[in-house]
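Peer 1: Generate a structure from the sequence data that follows.
(chains A and B)
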Amino acid sequence: MKPPPFGYSRPESVADALATLARLGPDGKVLAGGQSLLPILSMRLAAPHHLVDINRLSELGYVRVEGGDVRVGALARHAQVLADLPARAAQPLLGKALRLVAHATIRNRGTTVGSIVHADPSGEMTAVLALLGGTVRVATTAGERDVPARDFFVGPLESAVQPGELAVSATFPVLPPRAGTAFVEVARRNGDYAVCGVGALVELDADGAVSSARTAYLSVSPTPLVLDLTDAIGSEPDFAAAAVAAREQVEPEPDIHASADYRRHLAGVLTERALREAHAEALERSGRD
Amino acid sequence: MARTVDGRPKARGEAEFVADAVEQPRLFGALLTTRTAHCRVTVDLDALRALPGVVVALDHDSVPATLYSTNPHGGSADTSVFTDIGRYPGDIVGALAARDRRSLQHALDQSAELITEQPLPAVLSLEDAFTANAEANPQYPGNVVSDLRIGADEAAAREALAACAYQHTSTTWFEPSPHGCLERLAAGAERGQDGWRVWSPSQCPALVRDLLADMFAADVRLEPVFVGGGFGGKEELTLEPAAMLLSAAAGGTRVLLESSRRQMTAAHRARHGGYIRVSTGYDRDGIFGARLVDVVFEAGPYDGHSSTVAANAANAAARLYPRGTVTARSRAMATNRLPGGAFRGYGSIQATFAVETHVDEIAARLGLDRFEIRRRNLARAGDVDPATGLPMHDIDAIGCLDQLARTARTVIATRASGEPSEGLDGWGISMLVSTSAAAGADKPDHAEVACRLEPGSGTVIVETSVAEAGQGIYPLLNRIAANALGLDRDRVLVEHDVRAGSPNDPGMFGSRGANVTGSAVLRASMALRREVLARGARLLAVAPDVVELDAEWTVIRDGQHEVKVSELDPIRVCAEYATTDPGLAFGAQLAQVRCDPRTGAVRVQRVVAVHDAGVVLDEDGARAQVEGAVVQGIGAALSERATFRPDGSIAESGFVNHLVPTAVGLPAVSVSFLPAAASTGSTTGAKGIGEAAIMGIAAAIGNAVGSALGVRARELPITGERVLRLLENTTRDASRSDDERVAAS
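Peer 2: You can find the predicted model right below:
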């Protein structure tokens, strides 16, 4: 299939892009890497009136570690973030999740911010932003605002970005000391959307006891689901108990790839694995391995 | 190196498929289809014709009165080009053509409102086919499309089974699966002064040409086009007559009729779903004394290939281990769901999975080595083929097994590297048996070719009506001809010729190319060389046996005088080859898997394939066939399926959810061929390899999962969810569900 007809602009600067988006209002749709938008167009699942192609905005093609955050510009490709050693050192979960995003060829083109704005509940990077409590910076001709992850994901494929706005960057807090992360998933084929996926962030206190254990889930809820399993895991830690708690809290839907029961089961198994791996990394980073 | 004629253009996006080949200007056509499983249909043609841009809209009233079979080899005549009774969701009730694609899409969007469907009682499962009062198609009373038997009398087999010390019965189930061809089905048609021109991607163009000529009582010229993947899915005659009807209604105007990806996935044809029950009687040494096979496949509402696919499954299931008293029954049952069709393997994937998982279970019960139990029971030359009643010849099943055992020793001993690093490893093996011709005692397989010399350019052209769909038949025919002619391969061209009167070759199916078409090409090439020498001798006025051709084919000399080949008149010779021998070809395959016992995920790590391909004419080509078939077999084993909704429709819609394997994460495949001792007795000595290598993979993977996790996968595809359910059931209930009677011994 070929996309339905659409208008097209390719601004040369962010100011230019914002002016175009302001003019177009609800008719405008931002095109970055096209990872999801182009298949959606080709399958005619959407018919935006006008595409605003931001691929000329090289000023947004950055990955920086600044203050307590990794900041990723709207034109940074997944592959660029994945290859950025300072960023991955500052927040190792970025690398762990990005290697599971689609295939290498798609990661060369798709952008991390684009994935987040797409707000697909089966997308890895939406879960990462939600788990880490990152933010998205959204710009208009009138100025910029920072939207925290908990307010950003409104519904399936629906983010807080409004008509006329452009998401210009996303921030991911750097990993605190004595903390560890993991990202595990099950897909029917390599590179497919996960049937279920779990990201985990475990933090230890000065005595090596678990002070925080949080998990984020793919494909089990309309928006990225984050669970605080600190109480369930206890200080000991009891990973199996945390898995039981996770299973009780997810409410997956069945589809042709998996029943709801199987997804729920996977949520438990993967919760246990992700927490165990994140906990081991936290111990190692605390010098306790 | 095999030089494929289609590889480069296809990879570069330059190949012309049907939609490219049908020249502008043209009308754009699409099928009108049903949503209800079984219904009486009325199409509001006046309203459709009134839509903007619509030129033609047709329904049942415009079709020829006689029914036909979509199987060009001759199934039951039970299909109308456009039906007034929709017999499965997606059945073809009409077609329309518009000036441009946008008008066509607009009309299709409206068409759902303009097709009225009055539901009829429907058969919505295989179980319903046996028990429900409904009939899927009145042409098949009791919903039985076919019920065939081979081998021993069933009562005798049951008696022999009961007389054995041990019995084992297992049943395996299969979900259907669509072909997943790159190119969707399409056809073009126009009627000119001198008859019809039809563009068809059929795997059997010469048969289609003749069938269409009969159906329309007119001359039909078939335009050769690249076939963008067939796998059997383009062995069904569906779109071509519809395109011709559209063109006829538009005064002979050129029409391009295309199917949609959704139609190809959910409404065209599929590898058959169904079940196979196998019962074996055996002794304490694991020697089989009797075996009963019962194949039940879901045909859908039409026969098409179903009766022959089910019969072929029974043949394969009986042939692997033909010793003792063996009988096999095959039934194709009518339902109002997606029709089964020809699909690479033609029932043998299912049959091999049924038999080879069953053999592993018997080995486990006796504590016998998995190679050894097969060695004790496999077919040997001289054993009677239960399918034909004739002795098997030129086979070496045990040779394949032993070569696999040697090759696989290191695989079995070592853990594969790679992702995932954790999990339980296992390996499994499967035997398989394929054929090298679509032949039987009463129905020989037959091919004609022509070879012609164009003296001016010094080129030899091989004319064939066999289709090239990426399987590599043209480079193979080029090689056979060049070797026989003694010419450089660059000076031999293979030409796809399906004009009326051109050499008749039924097409690409049944792994027959290297054997049947190849043998005809070999004969024609040798005849052409003889004719060139004879012509030269005549010009030199000497006997043909004293002249010779130089290596470059420039001159013919008798020692003193010479004539230039370029001075000869053009020469064209025809040759044919016919055989009644199916050309049995055995193989042995091994899969090594890594299983995650907590998620059920199965990853294939390595595959070893050993095949008896007779004389291997083109090792690269043969290897490529095996590798491709192994990958497709992994899809059949683990991920590909069509999922029925309660209303009988299919949930999958295209490549987004029909999960064919992708290049990422494929296992290493090690391929070897038996030393060429065996042959079919054909002129080339080659055996079929196109389908063989897909047959054993699912069974080997199923057996590997069994060895890794201790559970028996009895349903394809083996999804993670199914494996997990098996593991849970094993934990919950350790007792076995199979019938088993252990005699006091």
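Peer 1: what ranges do the strands span in the stretch 601-745 of chain B?
Peer 2: Using DSSP state E, counting those that start in this stretch, the strands found in the stretch 601-745 of chain B span residues B:602-611, B:668-673, B:715-716.
Peer 1: Looking at these, which is nearest to residue B:91?
Peer 2: Among the strands of the stretch 601-745 of chain B, the nearest to residue B:91 by C-beta to C-beta is strand B:715-716 (26.0 Å). Placement of C-beta: from N, CA and C, glycine included.
Peer 1: Let me see the residues that make contact with the closest one.
Peer 2: Counting by C-beta atoms under 8 Å, 6 or more residues apart in numbering or on different chains, strand B:715-716 makes contact with B:172-175, B:349-350, B:353, B:636-637, B:641, B:698, B:702, B:722, all of which sit outside it.
Peer 1: Show the low-confidence segments of the stretch 151-289 of chain A, by residue range.
Peer 2: Residues of the stretch 151-289 of chain A that meet the criterion pLDDT under 70 lie in A:289.
Peer 1: what about 90?
Peer 2: Counting by pLDDT under 90, the stretch 151-289 of chain A has low-confidence residues at A:188-193, A:219, A:235-236, A:287-289.
Peer 1: just the strands of the stretch 601-745 of chain B: most buried one?
Peer 2: Of the strands of the stretch 601-745 of chain B, the one with the most neighbours on average (mean count of other C-beta atoms under 10 Å in any protein chain shown) is strand B:602-611, at a mean of 26.
Peer 1: Enumerate the residues of the stretch 601-745 of chain B near chain A.
Peer 2: B:601, B:639, B:643, B:651-652, B:656-657, B:659, B:661-662, B:664-665, B:719-721, B:724 (C-beta under 8 Å from any C-beta of the partner chain).
Peer 1: Are we agreed that residue B:95 is in a strand?
Peer 2: Yes - the assignment for residue B:95 is a strand, going by DSSP: H, G, I helix; E, B strand; the rest coil.
Peer 1: Thought residue B:62 was touching it, still the case?
Peer 2: No - applying C-beta atoms under 8 Å, one finds residue B:95 not in contact with residue B:62, separated by 9.3 Å.
Peer 1: which one of those two has more residues nearby?
Peer 2: Regarding residue B:95 and residue B:62, a neighbour count based on other C-beta atoms under 10 Å in any protein chain shown identifies residue B:95 as having more, with 25 against 17.
Peer 1: Which single residue in the stretch 201-350 of chain B comes nearest to chain A?
Peer 2: Using C-beta to the nearest C-beta, the point where the stretch 201-350 of chain B gets nearest to chain A is residue B:261, with a distance of 7.7 Å.
Peer 1: Tell me, how many residues neighbour residue A:27?
Peer 2: Counted with other C-beta under 10 Å, the burial measure for residue A:27 works out to 14 neighbours.
Peer 1: Mind checking which of the residues of the stretch 601-745 of chain B next to chain A are in helices?
Peer 2: When DSSP state H is applied, these are split such that B:720, B:721, B:724 fall in helices.
Peer 1: Pick the one among these closest to residue B:287.
Peer 2: Residue B:287 lies nearest to residue B:724 out of these, by C-beta to C-beta, at 36.4 Å.
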